[in-house]
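K.L.:
the amino acid sequence is not available; the structure is as follows:
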DNA sequence: CGCACACTTGAACCCCCTCAACCCAAGTGG
DNA sequence: CCACTTGGGTTGAGGGGGTTCAAGTGTGCG
């Protein structure tokens, strides 16, 4: 749509100001609040950076000096207890804006689970940008609200759902997310390990593994590889995920 | 500070426009983004309403036509599964802004657990207000971020903490919240029932009750009445709440 | 080829849930 | 005034879903 077929005619501006125009994540992210002709303003303050797998780029408790916007790859966001128990509060993919906390320290840790490309914004520069582009602030508020809704859904999962329901919810949401990205087919990527799924769902590795093999033996999914799931029966999965009374049928 | 000792000199404007000036929740809420001389603009669109205990005023899935701001009392916000399991995602007290979801349906249900007074804003009128007072939008974003941080903390609790740690966390946060409101002393009010505490912490009534009596018999709290707790050892409670390794002492 | 790491599978255990009885304070009405 | 009801809270016994501990099984990569 907006690439118009033309190859990037490589710009009169400096190389640094070009990257926003070509950014594949722009459509998905808050950056789409800024019109194409103002993109150089954005590009001037967005510092691109590559984060290798396993690298932590936001640490809970550290001074919150920067904001980030992920362009490619996936990061896990988590909080830890002193004895090592950890809870992953979310996975951040392309277009995800990080560091929303207004507090002066980060409230969570962020670690790349595959190679991540992101843009870094310094706090004051982003603030200046927000003052010039009120639409950007509106988009941020929108984003925050959506995350809040997702967080509430996750609280329901963690507080009240069974292991089966949790894993089903996870797969179902991954599935709808995947088809939402245009990629059709029932093949869903799992860039995270079983341990990370467990820490996201409030379970143990073993329970996640057992539940997945159970679903497989029930013919609802298949596991073509370690980091892929094929959703055979999406409707059934969604039913389990939403905790539909399985026995209310004959009443 | 801002009352200046003077009794409300009851205004040249109509009675309806006066209520914001006298509102006890103003200091705590997003409304403090609007200066005193513009308060009539706010008052013109804020419709006060009383909600009796037990009454639902936001219903999950219904069209999101209004926003609310609580002035007095407490409401519980929750999500439910079809078989009746429910998860309370938060308690909203004085100054709390509700309905942030940008979606066109509410993502949760809100019910008064004691008599609640609130202000209702219609969606379009609030939007107009936001356009005229950018500071108000900033405050809303701030609020949303704070709630997001709280939600992440709650996910850690629900996903990884033991029953003891959950109850301790609950009491500790109630405690700091109470002292934050100026009310000193270690008497903490519990306007919610045991069932509601349980649904908030992802436990059962019985476990909550047992854990409380356990804390009591250990001399860390006392229970002067059904809806009050006296925090005898706040420091110890906080320790349990944050999951400090209880046995790392002698290593 | 072999090591390392992620995952799977099995068996025993335990924390919390379930079910059930009981307590207690606040009505309510005869 | 007291029997009865009602609703929230407490306490006890037993059971189960998920964890813990411990092997076993791939599988990618040097």
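P.N.:
That came through, no problem. In this text, all values refer to a predicted model and were calculated from it rather than measured experimentally.

K.L.:
where exactly do the strands run in chain A?
P.N.:
For chain A, the strands defined by DSSP state E cover A:47-51, A:56-58, A:66-72, A:75-80, A:86-92, A:97-98, A:109-112, A:116-122, A:187-189, A:221-225, A:228-231.

K.L.:
who are the contact partners of the closest residue to residue A:125 other than its chain neighbours?
P.N.:
Among residues not flanking residue A:125 along the chain, residue A:45 sits closest, at 4.2 Å (C-beta to C-beta, 6 or more residues apart in numbering or on different chains). All C-beta spots, glycine's among them, are computed from the backbone N, C-alpha and C. Counting by C-beta atoms under 8 Å, 6 or more residues apart in numbering or on different chains, residue A:45 touches A:121-122, A:125-126, A:128-129.

K.L.:
format the residues you listed as TSV; extra columns: pLDDT and neighbour count.
P.N.:
Converted to TSV, the contacts of residue A:45 look like this (pLDDT from 0 to 100; neighbours: other C-beta atoms under 10 Å in any protein chain shown):
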residue	pLDDT	neighbour count
A:121	94	20
A:122	93	13
A:125	93	16
A:126	92	19
A:128	92	13
A:129	92	19
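
K.L.:
let's test this: mean pLDDT of stretch A:105-117, rounded?
P.N.:
For stretch A:105-117, mean pLDDT is 96.

K.L.:
one step back: of all the strands of chain A, which one is nearest DNA strand D?
P.N.:
Smallest distance to DNA strand D across the strands of chain A (C-beta to the nearest atom of the strand): 6.1 Å, for strand A:221-225.

K.L.:
the closest one: partners in the sheet, and parallel or antiparallel?
P.N.:
Take DSSP bridges as the rule and strand A:221-225 pairs in its sheet with strand A:228-231 (antiparallel).

K.L.:
that older thread, could I get the strands of chain A as CSV with distance to residue B:110?
P.N.:
Formatted as CSV, the strands of chain A follow (distance: least, C-beta to C-beta, whole Å):
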stretch, distance to residue B:110
strand A:47-51, 40
strand A:56-58, 32
strand A:66-72, 31
strand A:75-80, 27
strand A:86-92, 23
strand A:97-98, 27
strand A:109-112, 32
strand A:116-122, 35
strand A:187-189, 34
strand A:221-225, 37
strand A:228-231, 34
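
K.L.:
now the ones you listed in TSV, please, with extra columns for distance to DNA strand C.
P.N.:
Formatted as TSV, these follow (distance: least, C-beta to the nearest atom of the strand, whole Å):
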stretch	distance to DNA strand C
strand A:47-51	18
strand A:56-58	16
strand A:66-72	21
strand A:75-80	13
strand A:86-92	13
strand A:97-98	24
strand A:109-112	13
strand A:116-122	17
strand A:187-189	12
strand A:221-225	6
strand A:228-231	10
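
K.L.:
close to chain B: what parts of the stretch 151-251 of chain A are there?
P.N.:
Within reach of chain B by C-beta under 8 Å from any C-beta of the partner chain, the stretch 151-251 of chain A has these residues: A:151-156, A:158-161, A:199, A:201-202, A:242-245, A:248.

K.L.:
how about a cut-off of 6 Å?
P.N.:
Within reach of chain B by C-beta under 6 Å from any C-beta of the partner chain, the stretch 151-251 of chain A has these residues: A:151-152, A:154-156, A:158-160, A:202, A:243-245.

K.L.:
among those, which are located in helices?
P.N.:
A:151-152, A:154-156, A:158-160 (DSSP state H).

K.L.:
now the residue nearest the centre of chain A: closest residue in space that isn't a chain neighbour?
P.N.:
Geometric centre of chain A, nearest residue: residue A:92, 2.5 Å, by C-alpha atoms, centre = their mean. Spatially, and ignoring its direct neighbours in sequence, residue A:92 is nearest to residue A:75 (4.7 Å; C-beta to C-beta, 6+ apart).

K.L.:
and the pLDDT at that neighbour?
P.N.:
97.

K.L.:
which residue ranges of the stretch 1-150 of chain A form helices?
P.N.:
A:19-22, A:39-45, A:123-132, A:134-160 (DSSP state H, counting those that start in this stretch).

K.L.:
can you add distance to DNA strand D and give these back as CSV?
P.N.:
Putting the helices of the stretch 1-150 of chain A into CSV (distance: least, C-beta to the nearest atom of the strand, whole Å) gives the following:
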stretch, distance to DNA strand D
helix A:19-22, 29
helix A:39-45, 35
helix A:123-132, 37
helix A:134-160, 10
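
K.L.:
okay, these, which one's buried deepest?
P.N.:
Mean neighbours per residue, mean count of other C-beta atoms under 10 Å in any protein chain shown, is largest over the helices of the stretch 1-150 of chain A for helix A:134-160, with a mean of 21.

K.L.:
so which of the contacts of residue A:45 comes closest to residue A:173?
P.N.:
Using C-beta to C-beta, residue A:121 comes nearest to residue A:173 of the contacts of residue A:45, at 28.2 Å.

K.L.:
who is the closest one paired with across the strands?
P.N.:
Those that pair with residue A:121 in a beta bridge, by DSSP bridges, are residue A:67.

K.L.:
surely it is in contact with residue A:69?
P.N.:
No - judged on C-beta atoms under 6 Å, residue A:121 makes no contact with residue A:69 at a distance of 7.3 Å.

K.L.:
farthest pair in the residues of the stretch 151-251 of chain A next to chain B?
P.N.:
Taking C-beta to C-beta, the two most distant members of those are A:151 and A:245; they sit 25.7 Å apart.

K.L.:
and residue A:198, how far from residue A:170?
P.N.:
Remark: distance between residue A:198 and residue A:170 (C-beta to C-beta, to the nearest Å) = 10 Å.

K.L.:
same list (the contacts of residue A:45) but as TSV, adding distance to residue A:84.
P.N.:
What follows is those, written out as TSV (distance: C-beta to C-beta, whole Å):
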residue	distance to residue A:84
A:121	32
A:122	33
A:125	36
A:126	34
A:128	40
A:129	39
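
K.L.:
ok, these vs residue A:110, which is closest?
P.N.:
residue A:121 (14.6 Å).

K.L.:
residues near the nearest residue to residue A:52 once chain neighbours are set aside, how many?
P.N.:
Excluding the flanking residues, the one nearest residue A:52 by C-beta to C-beta, 6+ apart is residue A:115, at 5.9 Å. For residue A:115, the count of nearby residues is 14 (other C-beta atoms under 10 Å in any protein chain shown).
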